[in-house]
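Undergrad: Turn this into a model:
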Amino acid sequence: MASEPRQPVTSKRRRAVALLVETSNQYSRELLRGVRAYLAEHDTWTVHLTEQGRGGEPPRWLRRWHGDGILARIENAAIARAVRQAGVPVVNVSAAGFAPEYPRVISDSAGVARMAAEHLLERGFRQFGYCGDARFRWSTEHGRNFEAALREAGFECDWFQSAPEDFEDWDRERRKLATWLRRLPRPVGIMACYDIRGQQVLDVCRQEGIEVPDEVAVIGQHNDVVLCELCTPPLSSVIPNARRAGYEAAAMLDRMMAGERIEPVTVGIEPLGVATRQSTDVIALEDRRVAEAVRFIREHACEGIGVEDLVRVAGMSRTLLERRFRRLLGRSPYEEVLRVKLQRAKRLLAETDLTVAEVAERAGFRNAEYLSASFHKRTGMSPREYRRQRRQPR
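TA: Numbers count the residues shown, from 1 in each chain. All right, here's what the predicted structure looks like:
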């Protein structure tokens, strides 16, 4: 009996995608890891990526390139012109504000600023400053969001007044920073718009003899680990979920190349948390006994401690401890313990493959049910829902 003739196997054409993303900083490399994670699941592209710096001129090869889509950090007008001329679907992964006709997937500015504000507020700071970079629109947005988060908590924020031309003369810029830092009331918590700016603030503090973190605490954003750990002292920083941003941007571009029309929306990706280092490792409370109790909570909250343990550490009655916590922190000792435990649970959910029961155990909850109930009450979602939203692609 003759067998049926075999049909030729036809392979689906892979789409050609240009990645105009620099490789010179950790945020962009994490974006690219997110794109890689998407491709590992879908395997439908060939990519063109060459080494480039942030905000550099568009690569020359782009003029002769004929592909299907572009995923780009559109950091200046030249890159915006180049991607427009390509005439293909584009997803922008830059917050610089160029080429508003394209959809964007970026780190959520309000979330970043809120996390920085909460980090400093939790350490007892009541005076605040913001050090931005006048060259970048997103820096102003971060500053406004930081100020809004502080005002919601009942505090004001003092801005460092930078100008674009200052960055051509570091000596002039350093003198302006020194003048600003000297006049700020202390202790003060400062958010820097990104980690390099945080490094500059720390350098000026050291040159001026300002103690960090006791007089001035500094937090950056991007969590460029090498840069942060080379600072003196090491710089605390908000951790963006850049890998998730890269993954979602790749998914959006794939849909656009398949013919779906997507409006020029901005998708903001919530940050993962704060990498706490020495630049904010302080409890800025005048009440030293409450400060000791807060430090004890930071170090032992996930070990099953209770309010009685805090009473012992602070050396005062439970009633007095409750009163002082509410006056200084705006919450009870129990609420502070629970807040720290939930922070730990959020990090584990976003960054690990642990089951909810294992997360509950490591974060100091009696069981998964108690974690779920506490989590839902304070976030409006279950641990599993939170994980689906914040999980970093592998």
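Undergrad: Show the end-to-end separation of stretch 81-100, please.
TA: This stretch, stretch 81-100, spans 12 Å end to end (C-alpha to C-alpha, to the nearest Å).
Undergrad: where's that stretch relative to the chain centroid, distance-wise?
TA: Relative to the centre of its chain, stretch 81-100 is centred 23 Å away, using C-alpha atoms, centre = their mean, to the nearest Å.
Undergrad: got the buried residues for that stretch?
TA: 82-83, 86, 88-96, 98-99 (16 or more other C-beta atoms under 10 Å). To be clear about C-beta, it is placed using only N, CA and C from the backbone, and glycine gets the same treatment.
Undergrad: Break down the stretch 101-250 of the chain into its helices, ranges please.
TA: Residue ranges of the helices in the stretch 101-250 of the chain, as given by DSSP state H, counting those that start in this stretch, are 109-122, 137-152, 170-183, 195-208, 225-230, 242-257.
Undergrad: okay, which residue is most central for this structure?
TA: For the chain, the residue nearest the mean C-alpha position is Pro240 (2.7 Å; C-alpha atoms, centre = their mean).
Undergrad: Among the helices of the stretch 101-250 of the chain, which comes closest to Leu20?
TA: Closest approach to Leu20 among the helices of the stretch 101-250 of the chain (C-beta to C-beta): helix 242-257, 12.0 Å.
Undergrad: how about low-confidence regions in the stretch 51-200 of the chain?
TA: The stretch 51-200 of the chain contains no residues with pLDDT under 70.
Undergrad: how about a cut-off of 90?
TA: Applying pLDDT under 90 to the stretch 51-200 of the chain flags the ranges 51-57, 60, 122, 124, 135, 162-170.
Undergrad: With the stretch 251-394 of the chain instead?
TA: 281-288, 291-292, 294-295, 298-299, 304, 326-331, 343, 347, 350-353, 387-394.
Undergrad: quick one: Glu229 and Asp195, what's the gap?
TA: 11 Å (C-beta to C-beta, to the nearest Å).
Undergrad: okay, and the common contacts of the two?
TA: Common contacts of Glu229 and Asp195 (C-beta atoms under 8 Å, 6 or more residues apart in numbering): Leu235.
Undergrad: Neighbour count: the two, which is higher?
TA: Asp195 (26 against 13; other C-beta atoms under 10 Å).
Undergrad: the strands in the stretch 1-150 of the chain, which residues?
TA: 15-20, 45-48, 69-72, 90-92, 104-107, 128-131 (DSSP state E, counting those that start in this stretch).
Undergrad: Run through the bridge partners of Leu16.
TA: That one is not Leu; residue 16 is Ala. Thr46 (DSSP bridges).
Undergrad: Any idea how many residues pack against it?
TA: 16.
Undergrad: go on, Glu299?
TA: 11.
Undergrad: Kindly indicate whether it is helix, strand or coil.
TA: Following DSSP: H, G, I helix; E, B strand; the rest coil, we place Glu299 in the helix state.
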